[in-house]
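> Got a predicted structure plus its sequence, pasted below:
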Amino acid sequence: MSTHAVTIVTQSMVGNEPEPFFDVITFLADLDETQAEDVAYLRELAEKTQLSPAYEEDGQKVYDVVGKVIDVYELIDEITFTGNPEVNSRQILPAKPMNLEQFIETYYSDYVLEDAES
């Protein structure tokens with residue numbers, strides 16, 4: 001196993017409606033070669049470790065979903081950590097409303113691991 005950084009895009013949902021912003025999160029994970037290449041595994045790991053707990057607001061469920069796995073890469077430095085810590089995140093509110101596909105095309109058109117696997 002070796003340390004990898006995994007980057008995902010998440011979006012908050014209120015009921016069935018998406019919020020207008022996207023979160024781009026990079027977290028660390030100890031992965032073997034098979035896990036690092038398995039997009040379904042990476043998505044599941046992100047869903048288990050990186051999403052905020054769901055809650056109720058004004059009678060509607062508010063929850064996060066993993067939209068895409070953007071990238072995964074092996075770190076060359078030895079790092080000690082526990083769990084799957086978030087090491088970088090940013091919230092992006094596009095200037096105009098857009099869905100996940102438009103967001104990916106606008107901000108990450110150069111490479112999306114999940115689409116490369118499809």
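Everything's here; your move.
> and the longest helix for this protein?
Counting residues, the longest helix found in the chain (DSSP state H) is helix 39-49.
> what helix or strand is Glu105 on?
Per DSSP states H and E, Glu105 falls inside helix 100-107.
> tell me which residues in that helix are buried?
Using 16 or more other CB atoms under 10 Å as the test for burial, helix 100-107 gives 103-104. In this view, the C-beta of every residue, glycine as well, is placed from N, C-alpha and C.
> repeat for stretch 16-36
The neighbour-count criterion (16+ other CB under 10 Å) identifies 18, 22-29, 31, 36 as the buried residues of stretch 16-36.
> ditto for stretch 84-104
Quick answer for stretch 84-104 (16+ other CB under 10 Å): 84, 103-104.
> Show residues contacting that stretch.
5, 9, 11, 18, 20-29, 45, 49-50, 67-68, 106-107, 112, 115 (CB atoms under 8 Å, 6 or more residues apart in numbering).
> got any ranges where this structure has weak pLDDT?
111-112, 114-118 (pLDDT under 70).
> quick one, helices of it?
Going by DSSP H, the chain shows helices at 33-37, 39-49, 100-107, 113-117.
> Turn the ones you listed into CSV, including distance to Pro94.
Formatted as CSV, the helices of the chain follow (distance: least, CB to CB, whole Å):
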stretch, distance to Pro94
helix 33-37, 30
helix 39-49, 22
helix 100-107, 6
helix 113-117, 19
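> partners of Asp30 in the sheet?
For Asp30, the beta-bridge partners under DSSP bridges are Thr3.
> Return the residues in contact with it.
With CB under 8 Å, 6+ apart, Asp30 has these contacts: 1-4.
> Kindly report the same for Glu47.
Val66.
> if I look at it, how far off is Glu74?
22 Å (CB to CB, to the nearest Å).
> do Leu113 as well
Applying CB to CB to Leu113 and Glu74 gives a distance of 13 Å.
> give the contact list for Thr106.
94, 98.
> give me the beta-bridge partners of the residue nearest the centre of the chain?
Geometric centre of the chain, nearest residue: Ile8, 2.2 Å, by CA atoms, centre = their mean. Beta-bridge partners recorded for Ile8 (DSSP bridges): Ile25, Val69.
> No more questions from me, cheers.
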